[in-house]
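Asker: Okay, predicted coordinates and the sequence, questions at the end:
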Amino acid sequence: MVEVKLYDIGEGMTEGTVVTYFVSEGDTVKRDQPIIELQTEKMVTELSAPVAGKIGRILVGEGETIPVGTVILEIESEDSPEPGADKKETTEEEKMVNEPLAEKSVKETSGPKRIKAAPFTRKVARERGVDIDLITGTGKDGRITVEDVEAFASGDSLEETDTKAVEREAAPETIPFKGRRKQIADHMTKSLFTIPHVAHMEEIDMTELLEFRKDIKDTYNISVSAFFIKALAMSLKKFPIFNAELDEANSQIKLKPTVNIGVAADAPEGLIVPVIQRVEDLSLVSIHKQLKELNEKARNNTLKPADIRGGTFTISNVGPMGSIGATPIINYPEVALMCFHKTKKMPVVNDSDEIVIRSMMNVTLTFDHRVMDGGDAIQFTNYFKSLIERPQVMMVELSGE
């Protein structure tokens, strides 16, 4: 009997939630066939059968959250016969395992009820106060969709009794504190209580960059964030202390050889940071394309382990949401993070003492004061600012690399 366990797929995973089983007890599976859909702290992933054989006991119900190392189900491997397989008599238990599924399904009533619904659909159901077990799915293979939840919620609200309404008003609403939300909490707590955070703030004139982007838009439709990421890669190469990790155990500051920029994304299941690898080697067009693809994956909860590994510096672009300032927490074990805030037109006094209208943006650089000082932060930010405020010079420096 082969045990299928929840294993650590990387990035400090500690637990996972069984979302959907693709198989039932007694089903025959091939090696590497997907058998379980899991929601980990950072993504939705699938577990495949490690061997060919027959599904034995399913030990964890759908919707249950379990720690790494827990046995989820068992498979009777075709490659290794069970002890006692040479017995002539067939036991009642063996008969139950080998009888046709149509007959066995009538007898089996104690196994976990399998509700097929994506994590986001379950989240919508929780927000609507709907018991997802009561919904009949209209999606493929009976999967429950968001539309099913909305339709059920509308119908239920019309038939709800006064007693139920009173009970719901009296009971406080609760939200499960687990999965990605719990990992975010643990990660942020560790960062804040480990790193002495200092925030340096600066304002950047975005006028020239926005004009430059407008001029090339017909040929290259590149997002402003792509310019930020490329300018940061150039800045991190010039000031490598910000692209580093502190190894206190060995009394070393490790300078990272490549610039891998994580981009904080607001996903349905919570904050997640997909990573663009080796930004120093990418063109603006490539950065824009990868950023778009990763953001789409984050929204759809389809990021893979490789998409979130290896970050050396993180950015958070909260400007589109209307933020004018913040003091973000560093993505430990990195040593710095830059946050971009809202760009808005405002009167500015130029070098000729004239009042002109410019597009201005605030930025915050949060840094680890164990690794660098305020002067380093100012120089780093000023260089980044010079690249953004003079995009033509940035292009010349890029061409000279």
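Answerer: Here it is on my side, so go on.
Asker: buried ones in stretch 197-213?
Answerer: Taking 16 or more other CB atoms under 10 Å as the basis for neighbour counts, the residues of stretch 197-213 that come out buried are 197-198, 200, 202, 204-210, 212-213. C-beta: built from backbone N, CA, C; applies to glycine.
Asker: So which of those residues belong to strands?
Answerer: Members of the buried residues of stretch 197-213 lying in strands (criterion: DSSP state E): H197, V198, H200, E202, I204, D205.
Asker: Just the helices from this protein, written as ranges.
Answerer: In chain order, the chain shows helices spanning 92-98, 101-107, 119-128, 146-159, 162-170, 179-194, 207-216, 224-238, 284-300, 374-389, 391-399, with DSSP state H as the criterion.
Asker: same for the longest one, what does it pack against?
Answerer: Taking 3 or more CB pairs under 8 Å, 6 or more residues apart in numbering; DSSP states H and E as the contact definition, the neighbouring helices and strands of helix 284-300 are helix 224-238, strand 261-263, strand 265-267, strand 275-276.
Asker: picking up where we left off before, reformat the ones in strands among the buried residues of stretch 197-213 into a markdown table and put pLDDT next to each item.
Answerer: Written out in a markdown table, the entries for those read as follows (pLDDT from 0 to 100):
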| residue | pLDDT |
| --- | --- |
| H197 | 97 |
| V198 | 97 |
| H200 | 97 |
| E202 | 97 |
| I204 | 97 |
| D205 | 97 |
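Asker: ok so, going back, looking at the buried residues of stretch 197-213, point me to the pair that's furthest apart.
Answerer: For the buried residues of stretch 197-213, the farthest-apart pair by CB to CB is H197 and F212; their separation is 33.7 Å.
Asker: Of the helices of the chain, flag the one that's most buried.
Answerer: Highest mean neighbour count of those: helix 224-238, a mean of 21 (counted as mean count of other CB atoms under 10 Å).
Asker: relative to helix 374-389, how tilted is it?
Answerer: Relative orientation of helix 224-238 with respect to helix 374-389: 140 degrees, computed using axes from the mean of the first three to the mean of the last three CA atoms, to 10 degrees.
Asker: Okay, angle between helix 224-238 and helix 284-300 too, please.
Answerer: Between the direction of helix 224-238 and that of helix 284-300, the angle (the same axes, to 10 degrees) works out to 110 degrees.
Asker: and helix 224-238, what does it pack onto?
Answerer: Counting contacts by 3+ CB pairs under 8 Å, 6+ apart, the secondary-structure elements packed against helix 224-238 are helix 207-216, strand 261-263, helix 284-300, strand 313-317, strand 336-349, helix 374-389, helix 391-399.
Asker: mind showing which ranges of this structure have poor pLDDT?
Answerer: Filtered on pLDDT under 70, the chain yields the residue ranges 9-12, 41-42, 79-116, 118-120, 140-141, 156-171, 400-401.
Asker: Now do the contacts for the residue sitting nearest the centre point of it.
Answerer: Nearest residue to the geometric centre of the chain (CA atoms, centre = their mean): I272, 3.4 Å. The contact partners of I272, by CB atoms under 8 Å, 6 or more residues apart in numbering, come to K42, M43, R180, A264, A265, A298, L303, I308.
Asker: Looking at neighbours, which among those is most surrounded?
Answerer: The most crowded member of the contacts of I272 is K42, carrying 28 neighbours; neighbours defined as other CB atoms under 10 Å.
Asker: Quick check: which of the helices and strands packed on helix 284-300 is nearest to S154?
Answerer: The minimum distance between S154 and the helices and strands packed on helix 284-300 falls on strand 265-267, with 26.6 Å, by CB to CB.
Asker: ok, that closest one: who's next to it in the sheet?
Answerer: Applying DSSP bridges, strand 265-267 is found paired with strand 270-272 (antiparallel).
Asker: Return the distance of the partner strand from the chain's centre.
Answerer: Using CA atoms, centre = their mean, to the nearest Å, we find the averaged C-alpha position of strand 270-272 to lie 5 Å away from the chain's own average C-alpha position.
Asker: Then stretch 242-262?
Answerer: The chain centroid and the centroid of stretch 242-262 are separated by 23 Å under CA atoms, centre = their mean.
Asker: and what of stretch 359-367?
Answerer: For stretch 359-367, the distance between its averaged C-alpha position and the chain's averaged C-alpha position is 24 Å (CA atoms, centre = their mean).
Asker: So which of the helices of the chain is nearest I355?
Answerer: helix 207-216 (14.3 Å).
Asker: The closest one to helix 374-389, inter-axis angle?
Answerer: Taking the same axes, to 10 degrees, one finds helix 207-216 and helix 374-389 inclined to each other by 30 degrees.
Asker: And the contacts of helix 207-216?
Answerer: When contacts are defined by CB under 8 Å, 6+ apart, helix 207-216 is touched by residues I222, V224, F227, T343, R358, S359, I388, E389, R390, P391, Q392.
Asker: These: which two are farthest apart?
Answerer: So, the contacts of helix 207-216 by CB to CB: farthest apart are I222 and R358, at 21.4 Å.
Asker: These two: who's more crowded?
Answerer: Counted by other CB under 10 Å, I222 and R358 do not tie: I222 has more neighbours, with 20 against 15.
Asker: who are the neighbours in contact with the more buried one?
Answerer: Residues R213, I216, L284, V285, H288 are the ones in contact with I222 under the rule CB under 8 Å, 6+ apart.
Asker: So which of the helices and strands packed on helix 224-238 is nearest I75?
Answerer: Taking CB to CB as the measure, the helices and strands packed on helix 224-238 were each checked against I75, and helix 284-300 came out nearest at 30.1 Å.
Asker: contacts for that closest one?
Answerer: Contacts made with helix 284-300 from outside it, assessed by CB under 8 Å, 6+ apart, are listed as 220-223, 225-227, 229-230, 263, 265, 267-268, 272, 274-276, 279, 282, 303-304, 307.
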